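Have a look; sequence and predicted model below, questions after that.
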Amino acid sequence: MKEKICMIVFVLILGSTWTTALVVVDKYTRPYIEKYQAEKLRKSVLGAFGISYEGQDIEAVFSENVDVIEKGDKTIYRTKSGAIAFNITGSGSQGPISGVMALESDLKTIKGITIVSHVETPGLGDRVLEKKKLDTFKGKKIVPQLEVIVAGTAEKENEVQGITGATLTSKAFEKLINTESKEYISLVSEGE
């Protein structure tokens, strides 16, 4: 019986020690993690707008070029020229895709897209989300809706050539862009 009590006391002391250590580490690292995440988001917004920040203070470049507008639980980023950017988050073929999409001031033309995170299949599905492929979305119209054309050549101003073998990711990304852009455009239009 005495051994069982000693074992229980030992486990309680060990558990309490590790719990305290984890709380202290969390409290110490949380500000650094939050700062990193905020900087990563600012870089993504600036990248979607096509605003260069290399070798400069990210916070300064961001505050000089971008206004942040809160609409309920949604955040809209606006440049002095009237272009907007917003977070896009939704399902890919393998899991969530998260990024930032910018539209020209006409609210119809894609200015740029950056991806913050995804879990698509490396080497195939994730090719849809690479910068080189995302650059093909620039200048494309989202009105009436963006279309990813899997076979053939994208000729219309709202068509983007898909990647053979990554059809599910391409279609999921198309749906994500169309859904999120409609929602944010209606939010922006309400305020005008």
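Done, it's in.

Going by C-alpha atoms from here, please, whenever you check contacts or count neighbours.
Noted.

what's the spacing between T19 and L12?
10 Å (C-alpha to C-alpha, to the nearest Å).

And A48, by the same measure?
Taking C-alpha to C-alpha, one finds A48 at 51 Å from L12.

So for these two, which sits in the more crowded spot?
The neighbour count for A48 versus L12, taken as other C-alpha atoms under 10 Å, is higher for A48 (26 against 12).

Secondary structure class of the residue nearest to the more buried one when sequence neighbours are not counted, three-state.
Leaving aside its sequence neighbours, A48 sits nearest to G112 (C-alpha to C-alpha, 6 or more residues apart in numbering; 4.4 Å). Classification of G112 by DSSP: H, G, I helix; E, B strand; the rest coil places it in strand.

wouldn't G112 be in contact with F49 here?
Yes - with contact defined as C-alpha atoms under 8 Å, G112 reaches F49; the gap is 6.0 Å.

which residues do those two both contact?
A102 (C-alpha atoms under 8 Å, 6 or more residues apart in numbering).

tell me the phi and psi of the residue nearest to I142 when sequence neighbours are not counted?
The spatially closest residue to I142, leaving aside those adjacent along the chain, is K108, at 5.5 Å (C-alpha to C-alpha, 6+ apart). Per-residue torsions, K108: phi -130, psi -20 (degrees, to the nearest 10).

so what's K108 up against?
K141, I142, V143.

Save those residues as CSV, and put in neighbour count too.
CSV is the format used below for these (neighbours: other C-alpha atoms under 10 Å):
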residue, neighbour count
K141, 22
I142, 22
V143, 15
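
Export these as CSV, with columns for secondary structure.
What follows is these, written out as CSV (three-state DSSP):
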residue, secondary structure
K141, strand
I142, coil
V143, coil
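
For the residue nearest to the spatial centre of the chain, give the beta-bridge partners.
Centroid-nearest residue in the chain: G99, 1.7 Å away (criterion: C-alpha atoms, centre = their mean). Beta-bridge partners of G99, counted by DSSP bridges, are I88, I115.

That one: what's it in contact with?
By C-alpha under 8 Å, 6+ apart, the neighbours of G99 are S44, N87, I88, T89, I113, T114, I115, V116, S117.

For the chain, which segments count as strands?
For the chain, the strands defined by DSSP state E cover 66-71, 74-79, 84-91, 96-103, 110-118, 147-149, 159-161.

Export those as CSV, with columns for distance to I185 and mean pLDDT.
Shown next, in CSV, are those (distance: least, C-alpha to C-alpha, whole Å; pLDDT from 0 to 100):
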stretch, distance to I185, mean pLDDT
strand 66-71, 12, 93
strand 74-79, 10, 95
strand 84-91, 9, 92
strand 96-103, 9, 92
strand 110-118, 12, 90
strand 147-149, 18, 86
strand 159-161, 19, 82
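
K133 is nearest to which of those strands?
Ranking these by proximity to K133 (C-alpha to C-alpha) places strand 159-161 first, at 9.2 Å.

ok, the closest one: who's next to it in the sheet?
strand 147-149 (parallel).

Many thanks, I have nothing further to ask.
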